[in-house]
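Colleague: 3D model of this:
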Amino acid sequence: MSQTVNIAIVGIGNCASSLIQGIHYYRVRRPEEAIGLMHWEIGGYAPGDLKVVAAYDIDARKVGRDLSEAVFARPNCTKKFCPDLPPSGVQVRMGRVLDGFSEHMRDHPPERSFVPASLPEPDVEQVVAHLRECGAEVLVNYLPVGSEEATRFYAECALQAGCAFVNAIPVFIGSDSEWAGRFRAAGLPIVGDDIKAQLGATITHRTLVDLLRLRGVVLDRTYQLNTGGNTDFLNMLNRARLASKKASKTEAVQAVAAERLDDECIHVGPSDYVPWQNDNKVCFIRLEGRMFGDVPFELELRLSVEDSPNSAGVAIDAIRCAKLAMDRGESGALIPPSAFFCKHPPQQYTDEEAARLLEAWLQAPAGRTPHPVADAAASG
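Modeller: Have a look, this model is predicted:
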């Protein structure tokens, strides 16, 4: 077992910035000082054991720069909680464009948007050769929402290079039986799809809906509206790119409801771009329903969070789970980690059930992987 987890990152945006800052932030801290982590150690790996060995982007301000500089280049705007990053020795490489950005972003100021790099794009063979050369073990997908073709391109690269795949965005790879089967056949694990933030809009919404189910309260209708000022929200102004995002977020909430709501009674999805919010995301949740005696109730909540550290707090665990699975020889879609960490896993569970399954999976003896359905039944 190597002492590091060698990762490659596709998309050096705000989420990658937060993840890389977090690796260095926790590397110089002791476990008792580790505020904001769900797990200090997973499979023998601490947060600081993650090592970025390859990075890909398509923005001219990032391609060709050392990763420690690229994570703070425009249009990134997330909080700098570990600003003094040492040189990484990893140069950001030109990636494959495909549908990795939306054309409407060219109409916005460059400091907020996208500046395309005028460099040759790599093919699968070139990316695979680079991943193998640098010893990448886990490929993390941080492409923009709606990057369907580009995500499949890098999933193919991961397969051919022998890398596990952590799919942080709502393009369905881990939850697609064909892709999951290909990774299983190759002996490689996937965690996906679409990272569920540490304390974000969807996990909070799910918790409230699940609470109603547990307390015998009928949910009649609900919405979740979000605003933000980062490039993710700017990208999502193109509604044509949102089909999988909306499906992912909506299903995450529907999955924990006592009864599925009709489509016209539930709205869960990105809403609008407010530039001055930068990486701050503001979420508005409303639930309407009926309690004892058919008496109505209304609940409204406002949540304000820094969007990208919220994602990184989960991704840092998902990556280590992917490496643990490789060490154990497990492959295909990892059900317990995916169910706990992602909005659109292959199998949905309540967050309490998913947490129990994940802890059992983490503590499983060598050579024995818990079966989620059988173990859930056995535990009652």
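Colleague: report pLDDT for Ala366.
Modeller: In the predicted model, Ala366 carries a pLDDT score of 58.
Colleague: please apply the same query to Leu242.
Modeller: Among the per-residue scores, Leu242 holds a pLDDT of 86.
Colleague: just give the nearest non-adjacent residue to it, would you?
Modeller: Spatial nearest neighbour of Leu242, excluding adjacent residues (CB to CB, 6 or more residues apart in numbering): Met236 at 5.9 Å. All C-beta atoms are positioned from the backbone trio N, CA, C, and that covers glycine.
Colleague: chain center to stretch 97-107: distance?
Modeller: Counting by CA atoms, centre = their mean, to the nearest Å, stretch 97-107 is centred 21 Å from the centre of its parent chain.
Colleague: average pLDDT for that stretch?
Modeller: The model assigns stretch 97-107 a mean pLDDT of 91.
Colleague: can you count the residues close to Ala247?
Modeller: 17 (other CB atoms under 10 Å).
Colleague: the longest helix anywhere in the chain - contacts with which helices or strands?
Modeller: In the chain, assigned by DSSP state H, the helix with the most residues is helix 307-328. On a contact count with 3 or more CB pairs under 8 Å, 6 or more residues apart in numbering; DSSP states H and E, helix 307-328 meets strand 5-10, helix 14-27, strand 50-57, strand 138-141, strand 164-167, strand 189-191, strand 280-290, helix 335-341.
Colleague: given the first one, what are its sheet partners and their directions?
Modeller: So the one you mean is strand 5-10. strand 50-57 (parallel), strand 138-141 (parallel) (DSSP bridges).
Colleague: format these as a markdown table; extra columns: mean neighbour count and mean pLDDT.
Modeller: Putting the strands paired with strand 5-10 into a markdown table (neighbours: other CB atoms under 10 Å; pLDDT from 0 to 100) gives the following:
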| stretch | mean neighbour count | mean pLDDT |
| --- | --- | --- |
| strand 50-57 | 24 | 98 |
| strand 138-141 | 27 | 98 |
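Colleague: Asp176: which of those is closest?
Modeller: strand 138-141 (13.7 Å; CB to CB).
Colleague: tell me the SS of Thr222?
Modeller: strand (DSSP: H, G, I helix; E, B strand; the rest coil).
Colleague: so how far is Asn238 from Met105?
Modeller: Met105 sits 8 Å away from Asn238, going by CB to CB, to the nearest Å.
Colleague: so which of the two has more stuff around it?
Modeller: Neighbour count, other CB under 10 Å: between Met105 and Asn238, Met105 has more, with 20 against 16.
Colleague: just checking, that one touches Asn235?
Modeller: Yes. Using CB atoms under 8 Å, Met105 makes contact with Asn235 at a distance of 6.5 Å.
Colleague: which residues are in contact with Pro75?
Modeller: Pro75 is in contact with 59, 110-114, 230-231, counting by CB atoms under 8 Å, 6 or more residues apart in numbering.
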